[in-house]
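Asker: What would the 3D arrangement of this be:
(one chain, ligands or ions: 1)
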Amino acid sequence: MELIRTLIMHDGGLPGLAAMTTLDRPEACVVWHMPHPDRAVATRQQACITAQMQALGCTSFVGAGPLNHSITPSGPGKAFSACDEDQALESCTVLMAAIAARQHGCHRVLWPENADDDADRLSSLCRRAVLIQHLANLTSDGEEPPPSQMLEIDIPMLDCSDRQVADLAIRSGVPLDQIHWCTSRADAPCERCASCIRWHKALSELGLAAVQQ
Ligand SMILES: [Zn+2]
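Answerer: From the prediction side, this is the model:
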C-alpha cells in the first residue's frame, strides 16, 4: 500500500512531539512550524524542534512565514466567524498548514491538539477540522478533487488528556530540556503563563518536575 505522506504541525511542544510518535514512519513526514512572533521564543522553539527531529529521525522541515493576511479572520478566514478570535487564528494556521501540505505532496495533516475532557473544546476541534478539510479540498471550480488527491486533517490525540499527551511525548525519549512550552521571553519556564501551568500540572501528574528549558 502506498504510504500517505504526512505533514505534522509542530511548535516544539509536548503535543507535537507526542503526535510525531504516532507516525508509522516519522522519517517520511514533513515537520511544519509557524514561528512564535517573539524572536527569543522562536529561537528556543526552533532549537527544540531540531533536537526532536534528530531524535526521531525526521529530516524534512518547512518553516511558515507570518500568518498571511489573505486568510486571516477578516479574509477567507471569515469562514471561522462563529469562533472566538483565538480559535479563528488557530483555524487559519491549520488552513495554512493544509496549503503547505499540498505544496509538499502531503495528503494528511496532523493537528496536534487534544480536548483534555473538555466537551466544548472537543466539539469545536471536530467541527473546525471538518470545515478546514473541506476548504483545503476545494478546487478553483468549487468541486472536490478525486479521492486519491483528497487531503485529510487528522487530530490523532483528540480524546487524550494532557497527562496522556505528556506521557506519549516523554516516552519518545526526548529530554524535557529539549521540549518547548513556555510562551514567555524568560530563559527558563516562567511557571506563570497558561502553557506553563497546563503542562507543569500534566508533568507533575506523571511524577516529573519540569526542568529548565
Ligand atoms: Zn511560561
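Asker: how many other residues sit next to the closest residue to Glu27 other than its chain neighbours?
Answerer: Setting aside the residues directly before and after it, Glu27 is nearest to Gly57 in space (C-beta to C-beta, 6 or more residues apart in numbering), at 4.4 Å. All C-beta spots, glycine's among them, are computed from the backbone N, C-alpha and C. Gly57: 12 surrounding residues under other C-beta atoms under 10 Å.
Asker: just Arg171 next, same as before
Answerer: Number of residues near Arg171 (other C-beta under 10 Å) recorded here: 11.
Asker: Which helix or strand contains Ser195?
Answerer: helix 194-205 (DSSP states H and E).
Asker: Tell me how many other residues crowd the residue nearest to His104 when sequence neighbours are not counted.
Answerer: Leaving out its chain neighbours, the residue that sits closest to His104 by C-beta to C-beta, 6+ apart is Val30, at 5.2 Å. Applying other C-beta under 10 Å, we find 21 residues neighbouring Val30.
Asker: Now do the helix holding Ser195: everything it contacts.
Answerer: Helix 194-205 has contacts (C-beta atoms under 8 Å, 6 or more residues apart in numbering) with 13-14, 161-163, 165-166, 176, 181-184, 189-191, 209-210.
Asker: Work out the gap between it and the centre of the chain.
Answerer: 18 Å (C-alpha atoms, centre = their mean, to the nearest Å).
Asker: Quick one: classify Val31 as helix, strand or coil.
Answerer: strand (DSSP: H, G, I helix; E, B strand; the rest coil).
Asker: same check, this time on Leu7
Answerer: Taking three-state DSSP, the label given to Leu7 is strand.
Asker: ok, it to Cys92 distance?
Answerer: 16 Å (C-beta to C-beta, to the nearest Å).
Asker: Then Gln52?
Answerer: 25 Å.
Asker: do the same with Thr43
Answerer: Where Cys92 is concerned, Thr43 sits at a distance of 24 Å (C-beta to C-beta).
Asker: With neighbour numbers in mind, choose between these two.
Answerer: Cys92 (23 against 12).
Asker: near the ion, which residues of this protein?
Answerer: Cys182, Ser184, Cys190, Cys193, Cys196 (C-beta under 5 Å from the ion).
Asker: on that earlier part again, weed out the non-buried ones from the contacts of helix 194-205.
Answerer: Gly13, Leu14, Asp162, Val165, Ala166, Leu176, Trp181, Cys182, Thr183, Ser184, Pro189, Ala210 (16 or more other C-beta atoms under 10 Å).
Asker: ok, and the helix or strand in this protein with the lowest average confidence?
Answerer: Lowest on mean pLDDT, DSSP states H and E among the helices and strands of the chain sits helix 85-103, with a mean of 90.
Asker: Show me what the helix or strand following that helix pairs with in its sheet, parallel or antiparallel.
Answerer: Following helix 85-103 in sequence order, the next helix or strand is strand 108-110 (DSSP H and E). According to DSSP bridges, strand 108-110 forms sheet pairs with strand 6-9 (parallel), strand 152-154 (parallel).
Asker: All good on my end, thank you.
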